[in-house]
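> Give me coordinates for this.
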Amino acid sequence: MKLDVIKLDGGKAGSVDLTDEIFDLEPRADILHRVVRWQRNKAQAGTHKVKTRSEVSYSTKKIYRQKGTGGARHGSRKAPIFRKGGIYKGPTPRSHAHDLPKKVRALGLKHALSAKAKAGALVIIENAEADGKTAALAKQVKDLGWKRALIIDGAAVNEGFAAAARNIEGLDVLPSMGANVFDILKRDTLVLTKAGVEALEARLK
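A predicted model of the protein is given here:
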């Protein structure tokens, strides 16, 4: 498929041929769901923790005598049955990450790129370069109509552009190796530089 290439000032800069096997697939929600779930689970901290019976602070003295009270027999205030006692089988620190085959991860990225292309939310720009001034870039972004956009550059992001984009709300910038399904789907507009297109095609072939 062929898309027009634009400059940051809105001018035209030719066109680019995109690989159909990456940008023209029929998006599958099941694959996208699997990859996003894998990403979010891997990012989850898993630091939730409760105190068990051995960790709560109470005297170990027997509460009351064994017989003659007419109640159940208890020997410790730490028992889960009591208020402020230890929690039985509560959460402990652990990793929520699970495995996902590399082929499925790569396929998920292809489907995410294709989904943006199908929705008409894929924009190709000649390059992402700026002098580090936020005001100038913010005006260009506003004129282009990007409200929630992810810009993916080549192997490295231009330092001046990254500095200028840092304070613009709703604008994210990533190198091609940082491209991922969750960030692509989260934004309304996906913007790729020509270097970014080449890097993604080389990565996913």
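> Quick one: the strands in the chain, in order.
Taking DSSP state E as the test, the strands found in the chain are 2-6, 12-17, 122-125, 149-152, 171-174, 189-193.
> Could you tell me which strands the fifth one is paired with, and in which direction each runs?
Within its sheet, strand 171-174 is paired with strand 149-152 (parallel), according to DSSP bridges.
> if we can go back for a sec, adding distance to residue 50 and mean pLDDT as columns, could you present the strands of the chain in TSV?
Glycine gets a C-beta too; all of them are placed from N, C-alpha and C. What follows is the strands of the chain, written out as TSV (distance: least, C-beta to C-beta, whole Å; pLDDT from 0 to 100):
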stretch	distance to residue 50	mean pLDDT
strand 2-6	53	89
strand 12-17	55	87
strand 122-125	46	94
strand 149-152	38	94
strand 171-174	36	94
strand 189-193	42	94
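> So for residue 82, which of those strands sits nearest?
Of all those, strand 171-174 sits nearest to residue 82, with 50.0 Å by C-beta to C-beta.
> ok, and for the closest one, which residues are buried?
By neighbour count on 16 or more other C-beta atoms under 10 Å, the buried set for strand 171-174 is 171, 172, 173, 174.
> Off-centre distance for it?
Centroid separation for strand 171-174 versus its chain: 12 Å, with C-alpha atoms, centre = their mean, to the nearest Å.
> now swap in stretch 53-69 and tell me
Counting by C-alpha atoms, centre = their mean, stretch 53-69 is centred 48 Å from the centre of its parent chain.
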